[in-house]
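> Mind folding the following:
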Amino acid sequence: MSLLARVRDLRSNGVAALLSVAAIAILTAAVVLPFITMNTLGNERTFSLLGSIAELFRRNNVVLAVVLGVFSVAFPFAKLIALLAATSKLTALSDRGRSVLHKAAVLTGKYSLLDILVVAVMIVVVKLDGMAEVSARSGTVLFCVAVLLSIAAGFFVKLDAKPEAR
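A predicted model of the protein is given here:
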């Protein structure tokens, strides 16, 4: 049996739904917990992801706040909810509806790792500038875990069979 065939045998909607639920719980914590800490000339400020978005709105950076909100909060939650609906028996959807939700989750999931890259680049750029020190906090770590769980959930989706999740 080839490796690809073995991997296909691992697919299970129950596992996908369970991973989606875990990712939603972890992502919820990630967006409210401290995400980054900035230390500038002895002045230390800590921001959660939602706090960062609120701060951008407060400073009239509306476009950046909306982009961050859409790609860092709305898309990850939308992907996970779509995966959960596509794999759960609790949703009365046709096979076509499940397929559409899965495709939507895959489409939004393509941007999942972009947030992690942006945080990493921001930390490196600020550290190289020498004006401030930025460090990732627990929210960043949990956000990464949630993204990885959502990728795993997408991998486990098995749409060629009836949903198995509860």
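> SS state for L159?
coil (DSSP: H, G, I helix; E, B strand; the rest coil).
> So it versus K79, what's the distance?
Distance, L159 to K79, using Cβ to Cβ, to the nearest Å: 16 Å. From N, CA and C alone the C-beta is placed, and that goes for glycine too.
> Compare these two (neighbour count), which wins?
Legend: neighbour count by other Cβ atoms under 10 Å for L159 and K79, higher for K79 (29 against 17).
> my read: that one touches A105, true?
Yes: with contacts counted by Cβ atoms under 8 Å, K79 reaches A105, the gap being 4.6 Å.
> Any buried residues in stretch 26-39, and which?
26-27, 30-31, 33-36, 38 (16 or more other Cβ atoms under 10 Å).
> Now intersect the residues you listed with the helices, please.
Those of the buried residues of stretch 26-39 mapping onto helices are 26-27, 30-31, per DSSP state H.
> about what we covered before: now the buried residues of stretch 26-39 as a markdown table including distance to G139 and pLDDT?
Output for the buried residues of stretch 26-39, formatted as a markdown table (distance: Cβ to Cβ, whole Å; pLDDT from 0 to 100):
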| residue | distance to G139 | pLDDT |
| --- | --- | --- |
| I26 | 10 | 97 |
| L27 | 10 | 95 |
| A30 | 5 | 94 |
| V31 | 7 | 93 |
| L33 | 4 | 96 |
| P34 | 5 | 95 |
| F35 | 4 | 89 |
| I36 | 8 | 86 |
| M38 | 14 | 84 |
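> Just give me the closest of those residues to E44.
Set against E44, the nearest of the buried residues of stretch 26-39 by Cβ to Cβ is M38 (7.2 Å).
> Okay, R58 and V70: tell me how far apart.
Going from R58 to V70 by Cβ to Cβ gives 18 Å.
> So between the two, which is more surrounded?
Legend: neighbour count by other Cβ under 10 Å for R58 and V70, higher for V70 (13 against 9).
> Show me the helices in the protein, by range?
Under DSSP H, the chain gives helices at 3-9, 13-32, 49-58, 62-69, 75-87, 95-109, 112-129, 138-156.
> any idea how far the nearest residue to H102 once chain neighbours are set aside lies from F155?
In space, and not counting its chain neighbours, H102 is closest to A86: 4.6 Å by Cβ to Cβ, 6 or more residues apart in numbering. Separation of A86 from F155 (Cβ to Cβ) stands at 13 Å.
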